[in-house]
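[1] Below are the sequence and a predicted model for it; my questions follow.
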Number of protein chains: 2
Amino acid sequence: MFAFRLDTRSGVPTYLQLVEQVRHGLLLGYLQDGDQLPTVRDVAAALVVNPNTVAKAYRELERAGLVAPRAGQGTFVTGNVDRVPAATYAKLSARLRAWVNAAREAGLGPDQVRALVTAILDEDRSKARAA
Amino acid sequence: MFAFRLDTRSGVPTYLQLVEQVRHGLLLGYLQDGDQLPTVRDVAAALVVNPNTVAKAYRELERAGLVAPRAGQGTFVTGNVDRVPAATYAKLSARLRAWVNAAREAGLGPDQVRALVTAILDEDRSKARAA
DNA sequence: GCTTGTGTACTATCCGACTAGTACAATGCG
DNA sequence: CGCATTGTACTAGTCGGATAGTACACAAGC
């Protein structure tokens, strides 16, 4: 079963964090067509948040056409998303993992690693906008 | 002069985004000891936010000992942060940039790139916590 | 000394995220 | 049918971020 996590210090609204995690799961293949998401009440209990907050996230995902609710059953993935081919995914993640290790060995702390990644991704975003 | 940017859709509070960007600038060497940050009023005008919001960010940075205000002058960096050596930084960022390009050429969209990076960094975070 | 530009402080207000609690609709199962 | 489980809907309230507007304190420069 898919598991959620929360970062309360990030300032990102809870329901958006949940939406993001499902989106990422779909993009990376952790979640596939037909998979069931944890029930609203389960998630609410596990993360100690209000059921309404979880429901808001699920509603958002439903609006986006990524999941569909079945009353009395739960919420299920209706995967119509471009997934990364498994081989490509494995290759890229291995290479990225190596990079993170190299950065850590070069003495960079987690914050510095994140800062550098953010900077490079922002470059990429700027290029994408310019193109 | 240092320049700020805003991502209004991220859900991250404005003042926290400003704090983060200064922190990153310090970590990566974009900002150095003695550098002046844009004035509160300049930032407020450029980003179209309330001066109080910018002041809140600067106050936060001052509390952290990263910057110091000089009345009538502006806010200046008091850089007591571990910076990444320039050579290390150049090497790592080049390698990461290459990885991003490879990912894009493999057909991954910006969102997928970010998702993958987030996933790997979360792995790293979990390992760091476990250690 | 006066003016200008800077950071700071304060109050009031608005809005969105989140919570609390309850109730309802639909499905599956005995 | 009756019950449990699930998602959904609604109202009311709390809390924090952001805004608006004003006022103050300090330093530099004419």
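    Here it is on my side, so go on.
[2] Could you list every helix and strand that the helix or strand encompassing A:Leu26 packs against?
    Assessed by DSSP states H and E, A:Leu26 sits inside helix A:14-28. Secondary-structure packing of helix A:14-28 (3 or more Cβ pairs under 8 Å, 6 or more residues apart in numbering or on different chains; DSSP states H and E): helix A:51-63, helix B:110-130. The way it works is simple: take the backbone N, C-alpha and C, and place the C-beta from them, glycine included.
[3] ok, now how distant is the residue lying closest to A:Leu47 once chain neighbours are set aside from A:Thr39?
    Using Cβ to Cβ, 6 or more residues apart in numbering or on different chains and skipping residues adjacent in sequence, the residue nearest A:Leu47 is A:Leu6, 5.3 Å away. Using Cβ to Cβ, to the nearest Å, we find A:Leu6 at a distance of 17 Å from A:Thr39.
[4] Would you mind listing what in chain A touches DNA strand D?
    A:11, A:37, A:39-42, A:51-52, A:55, A:58-59, A:62, A:69-75 (Cβ under 7 Å from any atom of the strand).
[5] which sections of chain A are below the confidence cut-off?
    A:79-82, A:129, A:131 (pLDDT under 70).
[6] Now do the domain split for it, please.
    Domain assignment for chain A by automatic domain parsing gives A:8-77, A:86-130.
[7] Now do the same contact list for the closest residue in space to A:Arg114 that isn't next to it in sequence.
    With sequence-adjacent residues excluded and distances taken as Cβ to Cβ, 6+ apart, A:Arg114 is closest to B:Leu121, at 6.4 Å. Residues in contact with B:Leu121, defined by Cβ atoms under 8 Å, 6 or more residues apart in numbering or on different chains, are A:100, A:113-114, A:117.
[8] residues in contact with the nearest residue to A:Ala68 once chain neighbours are set aside?
    Excluding the flanking residues, the one nearest A:Ala68 by Cβ to Cβ, 6+ apart is A:Thr78, at 4.8 Å. A:Thr78 makes contact with A:33, A:65-68, according to Cβ under 8 Å, 6+ apart.
[9] Which members of those occur in strands, if any?
    A:67-68 (DSSP state E).
[10] Can you tell me which of the contacts of A:Thr78 are classed as buried?
    Neighbour-count burial (16 or more other Cβ atoms under 10 Å in any protein chain shown) applied to those gives A:66-67.
[11] picking that back up, may I see the domains of chain A arranged in JSON lines, with distance to B:Tyr89 as well?
    Below are the domains of chain A laid out as JSON lines (distance: least, Cβ to Cβ, whole Å):
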{"stretch": "domain A:8-77", "distance to B:Tyr89": "25"}
{"stretch": "domain A:86-130", "distance to B:Tyr89": "7"}
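[12] For B:Ala94, which of the ones you listed is the nearest?
    With Cβ to Cβ as the measure, domain A:86-130 is the member of the domains of chain A nearest B:Ala94 (9.7 Å).
[13] now do the same end-to-end measure for the closest one.
    30 Å (Cα to Cα, to the nearest Å).
[14] Run the chain-centre distance for it.
    17 Å (Cα atoms, centre = their mean, to the nearest Å).
[15] quick one: the residue nearest to A:Arg114 and A:Ala103, what's the gap?
    In terms of Cβ to Cβ, B:Leu121 sits 11 Å off from A:Ala103.
[16] and whichever helix or strand A:Thr88 is part of, what does it pack onto?
    For A:Thr88, the enclosing helix or strand under DSSP H and E is helix A:86-105. Packing contacts for helix A:86-105, counted by 3+ Cβ pairs under 8 Å, 6+ apart, involve helix A:110-130, helix B:86-105, helix B:110-130.
[17] ok, residues contacting that helix?
    For helix A:86-105, using Cβ under 8 Å, 6+ apart, the contacting residues are A:28-29, A:84, A:112-113, A:116, B:92, B:95-96, B:99, B:102-103, B:106-108, B:116-117, B:119-121, B:123-124.
[18] Now that we have those residues, which of them are buried?
    A:28, A:84, A:112-113, A:116, B:92, B:96, B:99, B:103, B:106, B:108, B:116-117, B:119-121, B:124.
[19] residues from chain A in reach of DNA strand C?
    Near DNA strand C, when you scan chain A using Cβ under 7 Å from any atom of the strand, you find A:13-16, A:48-53, A:56, A:70-73.
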